[in-house]
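*Asks:* quick one, what's the 3D model for this:
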Amino acid sequence: MKRLGLLGLLALVLAACFPNPVDVAVDRAIDTGIEHVVFKVLPQNDLPFQDDFEGYPVGSMLLRAAPHDYRVWDEGEAKTPVYVVETTGPDGRVEHAAAVEYPEVDEGRRHALTTGADGWTDYRVEMVFKTRDNPWWAYTHVGDHGRHALVLKVHSRAAYLYKEVAGERTLVARRDLSQTYNDGAWHTLTAEVRPGALTLRVDGEVLVDYQDAGPAFYGGGFGVQANWRGSRFVISRWAFAPLP
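*Replies:* This next block holds a predicted model:
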């Protein structure tokens, strides 16, 4: 076995006491499944991207199992649980799904599962989901290190779209709906995301058809969240592909 000199031993001690900051960020994602660093709200993965969660063990923390595909966008210090669960899927078969749960503290604040990259633009989303949460939230155009997004809130048979810049939200659109889609049944969300524009439907019903009249967001990823303590937003599968 090769002996270490005094300088080599000192280097090992310093490395243990003062680890590389990049390594610390990676270790936190792998060891805890949680990432709180603001400038890492998106994993910077590529289009096209899709996941049916069948490749992960039931009970595993999604951010630990796929740290290069997912992040969480948290407010405060609470840890957003995102687990792989077993459920009865839309076709009646038992399958794996991702369950975004709300933490036991910080009720009413943002705790969202995100995927994508700052440069995602001109893409289509298809997501099969179920929830009993009211309201429930979805985010598009998440970019610029988490400093902007278009924020969809579905509540009391209405859809509200907010433009968020540096934590400040402005209501930019509202639409009455036939329902809130929080009945615990499976629903399909589709969206077309373009620079400064968003068209979003659930089961074919238009929730959002928006064109930004002001300074537009030109890219960004996608996110969803549960909203109240004890609530869940379950994703059977989702897919993101460039628009033609």
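*Asks:* residues contacting the residue lying closest to residue 121 once chain neighbours are set aside?
*Replies:* Spatially, and ignoring its direct neighbours in sequence, residue 121 is nearest to residue 219 (4.1 Å; CB to CB, 6 or more residues apart in numbering). In short, each C-beta sits where N, CA and C put it, glycine included. If you count contacts by CB atoms under 8 Å, 6 or more residues apart in numbering, residue 219 has them with 117, 118, 119, 120, 121, 141, 143, 195.
*Asks:* quick one: residue 200 from residue 47, how far?
*Replies:* 18 Å (CB to CB, to the nearest Å).
*Asks:* contacts for the strand or helix carrying residue 151, please.
*Replies:* Using DSSP states H and E, residue 151 sits in strand 148-155. For strand 148-155, the surrounding residues in contact (CB under 8 Å, 6+ apart) are 134-143, 159-166, 169, 177, 180-182, 198, 200, 207-208, 210, 217, 220, 223.
*Asks:* buried subset of the residues you listed?
*Replies:* 134-143, 159-164, 177, 180-182, 198, 200, 207-208, 210, 217, 220, 223 (16 or more other CB atoms under 10 Å).
*Asks:* among those residues, which are in strands?
*Replies:* 136-143, 159-164, 198, 200, 207-208, 210, 223 (DSSP state E).
*Asks:* max-length strand in the chain?
*Replies:* The chain, longest strand under DSSP E: strand 232-242.
*Asks:* what are the phi and psi angles of residue 67?
*Replies:* Phi and psi for residue 67, reported as degrees, to the nearest 10, are phi -70, psi -20.
*Asks:* and stretch 48-67, end to end?
*Replies:* End-to-end span of stretch 48-67 (CA to CA, to the nearest Å): 17 Å.
*Asks:* any idea of the mean pLDDT for that stretch?
*Replies:* Average pLDDT, stretch 48-67: 95.
*Asks:* just the buried positions in it, please.
*Replies:* Buried residues in stretch 48-67, defined by neighbour count with 16+ other CB under 10 Å: 49, 51-53, 56, 60-67.
*Asks:* helix or strand right after the worst-scoring helix or strand of the chain on mean pLDDT?
*Replies:* Least confident helix or strand of the chain, by mean pLDDT, DSSP states H and E, is helix 21-32 with a mean of 34. For helix 21-32, the following helix or strand on the C-terminal side (DSSP H and E) is strand 49-51.
*Asks:* can you name every helix or strand that that next one contacts?
*Replies:* Taking 3 or more CB pairs under 8 Å, 6 or more residues apart in numbering; DSSP states H and E as contact, the helices and strands that strand 49-51 lies on are strand 232-242.
*Asks:* can you get me the start-to-end distance on stretch 103-121?
*Replies:* 31 Å.
*Asks:* please renumber so the chain begins at 24
*Replies:* Taking 24 as the first residue, the last one we looked at is stretch 126-144.
*Asks:* I'd like the average pLDDT over it.
*Replies:* Stretch 126-144 comes out with an average pLDDT of 81.
*Asks:* swap in stretch 195-215?
*Replies:* For stretch 195-215, mean pLDDT is 95.
*Asks:* from residue 266, how far out is the nearest residue to residue 188 once chain neighbours are set aside?
*Replies:* Leaving aside its chain neighbours, residue 188 sits nearest to residue 171 (5.3 Å; criterion: CB to CB, 6+ apart). From residue 171 across to residue 266, the span is 20 Å (CB to CB).
*Asks:* same check, this time on residue 217
*Replies:* Noted for residue 217: a distance of 7 Å to residue 266, by CB to CB.
*Asks:* among those two, which residue is more densely surrounded?
*Replies:* A direct count of neighbours by other CB atoms under 10 Å for residue 217 and residue 266 places residue 217 higher, at 18 against 11.
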